[in-house]
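Q: sequence isn't available, so here's the structure alone:
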Ligand code: SF4
């Protein structure tokens, strides 16, 4: 009984942590973009204001059942994937125990796609042509970045004979190294795939406001937009923590975690600020060139 | 305890604070004044530091910015857009054309007073208003919101018949469905 209670509270604490960190990272990103464009920029807590305002807005739009369920699917997927990513190394702080099992890396690769699919269903129901275009763009781009990402994950699984995230973390602790040095090509492929996962420019073809009026979310206002913003922040934390866990040796405490994830987060942010948007086919072929090449090399590296 | 006045006031205060500091703006840029908006939003004047940012669709927007004259043809679209937006919503009339017709005061196919067709919370004067005055307009709207006075949407709901009558006077073939709320 007690263990279940602790797990529930742990889950709640993890969600709160992920939400706060993700929101602040989003705010810092807006600030960085503003400073690079020589502006003052919004305060870094701006995203919290946006979310509170969105939740307090009235939402009286009805396009069908799936439209109401799409955002819920998205946030469910984010929270479910969060539950399978260990936040801290080893035993960690006992609040952040999560539901790990021995095949969770494979599970996670599937689970991370689920949110976008839920979004796609929800956006499809609204019947807005912009949503449909955004969804097709998003799914095509997913085909692009999933391949190098899965290849780099497979390379790691094959190299270290484990399919569990905690297993990979333990290996790094025991051998006192980071996997980004043990298999550098897998790291490169995964980071390049991560650029696409974040949907920041130059890969923001899905949400491009000027082209497809923010794509899948174009018919979602108020609370649904708030749900999707929260889901996005949680998911950003999931991705960053997963990458830190797998490639950068995890983190022993929260401060280390924040430093490492933020360093990693700067890659998509800075790459994004300095590049204009790709066209759809450019974005997809981008992933099928160098990232795919590095993925193949990573698998070869793992097997020899 | 949870329903007493103080609790309500605090909740209202927080709501109004976030509302005024996070305005998603939909710029209906068919008038010539729209050319001042890029300057307002980019490096030089940077409206984002006030929390004003662009929204892509009416569903996401809080603030409708009518930049200048509206022909009767675009008025249809504006009414539609306004009714698609979710409460609470605000309208800023931008430039003298929205106030009294401006230099189109005797034109045969533009509307003269925007306030007769949709409720306007704040007017920005000028032809065309410079970015400074646009930002002053945003500030004024924020003041109204924090005092709880930006209630154009409620006015619209209460006086829907009057607005509809005015709208139908200029729109001969009525494009919208009739509501019954
Ligand atoms: S007020 Fe002046 S600048 Fe603005 S739309 Fe009218 S004529 Fe153009």
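A: Looks like it arrived, so ask away. All figures in this text were calculated on a predicted structure; none of them were measured in a lab.
Q: poorly predicted segments of the chain, please.
A: Looking at chain A here, since you left the chain open. Counting by pLDDT under 70, chain A contains low-confidence residues at A:1-2, A:90-102.
Q: oops, I was thinking of chain B
A: Applying pLDDT under 70 to chain B flags the ranges B:1-3, B:175-181.
Q: what do you get if the cut-off is 80, keeping everything else the same?
A: B:1-8, B:172-181 (pLDDT under 80).
Q: quick one: the strands in it?
A: Taking DSSP state E, the strands of chain B run over residues B:23-28, B:52-54, B:63-67, B:90-94, B:122-124.
Q: nearest to chain A, of the ones you listed?
A: strand B:52-54 (6.9 Å; C-beta to the nearest C-beta). Using the backbone N, CA and C atoms, a C-beta is placed for each residue, glycine as well.
Q: now the strands of chain B as JSON lines including mean neighbour count?
A: Conversion of these to JSON lines gives the following (neighbours: other C-beta atoms under 10 Å in any protein chain shown):
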{"stretch": "strand B:23-28", "mean neighbour count": "22"}
{"stretch": "strand B:52-54", "mean neighbour count": "19"}
{"stretch": "strand B:63-67", "mean neighbour count": "26"}
{"stretch": "strand B:90-94", "mean neighbour count": "27"}
{"stretch": "strand B:122-124", "mean neighbour count": "22"}
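Q: okay if I get those strands as CSV plus distance to residue A:52?
A: Shown next, in CSV, are those (distance: least, C-beta to C-beta, whole Å):
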stretch, distance to residue A:52
strand B:23-28, 13
strand B:52-54, 15
strand B:63-67, 17
strand B:90-94, 17
strand B:122-124, 23
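Q: ok, which of these comes nearest residue A:4?
A: Within the strands of chain B, the stretch nearest residue A:4 is strand B:23-28; the backing value is 41.4 Å (C-beta to C-beta).
Q: quick one: the closest one to chain centroid distance?
A: Offset of strand B:23-28 from its chain centre (C-alpha atoms, centre = their mean, to the nearest Å): 8 Å.
Q: the lengthiest helix in chain A: what's the following helix or strand?
A: Taking DSSP state H as the criterion, chain A has its longest helix at helix A:2-36. Downstream of helix A:2-36, the first helix or strand assigned by DSSP states H and E is helix A:46-55.
Q: relative to strand B:23-28, how tilted is that following helix?
A: Counting by axes from the mean of the first three to the mean of the last three C-alpha atoms, to 10 degrees, helix A:46-55 points 70 degrees away from the direction of strand B:23-28.
Q: just checking, what packs against helix A:46-55?
A: Helices and strands touching helix A:46-55, by 3 or more C-beta pairs under 8 Å, 6 or more residues apart in numbering or on different chains; DSSP states H and E, are helix A:2-36, helix A:222-247, helix B:5-21.
Q: now residue B:83: how far from the ligand?
A: According to C-beta to the nearest ligand atom, to the nearest Å, residue B:83 and the ligand sit 23 Å apart.
Q: sorry, back to before: same list, the strands of chain B, but as a markdown table with distance to chain A please.
A: As requested, the strands of chain B are exported to a markdown table (distance: least, C-beta to the nearest C-beta, whole Å):
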| stretch | distance to chain A |
| --- | --- |
| strand B:23-28 | 8 |
| strand B:52-54 | 7 |
| strand B:63-67 | 12 |
| strand B:90-94 | 12 |
| strand B:122-124 | 18 |
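Q: redo those as CSV? Include distance to the ligand.
A: Conversion of the strands of chain B to CSV gives the following (distance: least, C-beta to the nearest ligand atom, whole Å):
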stretch, distance to the ligand
strand B:23-28, 11
strand B:52-54, 19
strand B:63-67, 6
strand B:90-94, 7
strand B:122-124, 10
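Q: nearest to residue B:111 among these would be which one?
A: Using C-beta to C-beta, the nearest of these to residue B:111 is strand B:63-67, at 10.3 Å.
Q: for that closest one, packing partners?
A: Counting contacts by 3+ C-beta pairs under 8 Å, 6+ apart, strand B:63-67 packs against strand B:23-28, helix B:36-41, helix B:72-84, strand B:90-94.
Q: residue contacts, the closest residue to residue A:30 other than its chain neighbours?
A: Spatial nearest neighbour of residue A:30, excluding adjacent residues (C-beta to C-beta, 6 or more residues apart in numbering or on different chains): residue A:42 at 5.6 Å. When contacts are counted by C-beta atoms under 8 Å, 6 or more residues apart in numbering or on different chains, residue A:42 touches A:27, A:30-31, A:34, B:48-49, B:51, B:53.
Q: again with residue B:146
A: By C-beta under 8 Å, 6+ apart, the contact list for residue B:146 reads B:16-17, B:20.
Q: closest to residue A:137 among these?
A: Nearest to residue A:137, judged by C-beta to C-beta, of the contacts of residue B:146 is residue B:20 at 34.6 Å.
Q: if I read this right, that closest one contacts residue B:148, doesn't it?
A: No - under the criterion of C-beta atoms under 8 Å, residue B:20 makes no contact with residue B:148, lying 10.3 Å away.
Q: neighbour count: those two, which is higher?
A: Between residue B:20 and residue B:148, counting by other C-beta atoms under 10 Å in any protein chain shown, residue B:20 is the more crowded of the two (24 against 12).
Q: for the host helix or strand of residue A:300, name the packing helices and strands.
A: According to DSSP H and E, residue A:300 maps onto helix A:290-303. With contacts taken as 3+ C-beta pairs under 8 Å, 6+ apart, helix A:290-303 sits against helix A:129-160, helix A:184-197.
Q: pick the most deeply packed of the ones you listed.
A: With neighbours defined as mean count of other C-beta atoms under 10 Å in any protein chain shown, these peak in mean count at helix A:184-197, which reaches a mean of 23.
Q: can you name the residues in contact with that helix?
A: With C-beta under 8 Å, 6+ apart as the criterion, helix A:184-197 contacts A:112, A:141, A:144-146, A:148-149, A:151-153, A:155-156, A:179-180, A:203, A:239, A:243, A:246-247, A:264, A:267-268, A:271-272, A:283, A:286-287, A:290-292, A:294-295, A:297-298, A:301-302.
Q: what's across from the most centrally placed residue in chain B in the sheet?
A: Centroid-nearest residue in chain B: residue B:91, 1.2 Å away (criterion: C-alpha atoms, centre = their mean). Per DSSP bridges, the residues bridged to residue B:91 are residue B:64.
Q: helix or strand: which one has the residue of the stretch 151-300 of chain A found nearest the ligand?
A: Residue nearest to the ligand within the stretch 151-300 of chain A (C-beta to the nearest ligand atom): residue A:210, separated by 22.4 Å. Element membership of residue A:210 [criterion: DSSP H and E] is helix A:209-212.
Q: so how far is that helix off the chain centroid?
A: How far helix A:209-212 lies from its chain's middle: 22 Å, per C-alpha atoms, centre = their mean.
Q: how about residue 26, what does it touch?
A: Just going to use chain A. A:47, A:232-233, A:236.
Q: actually it's chain B I care about, not the one you picked
A: Contacts of residue B:26 (C-beta under 8 Å, 6+ apart): B:54-55, B:57-58, B:60-61, B:63-65, B:81, B:85.
Q: give me the buried subset of the contacts of residue A:42.
A: The neighbour-count criterion (16 or more other C-beta atoms under 10 Å in any protein chain shown) marks A:27, A:30-31, A:34, B:48, B:51, B:53 among the contacts of residue A:42 as buried.
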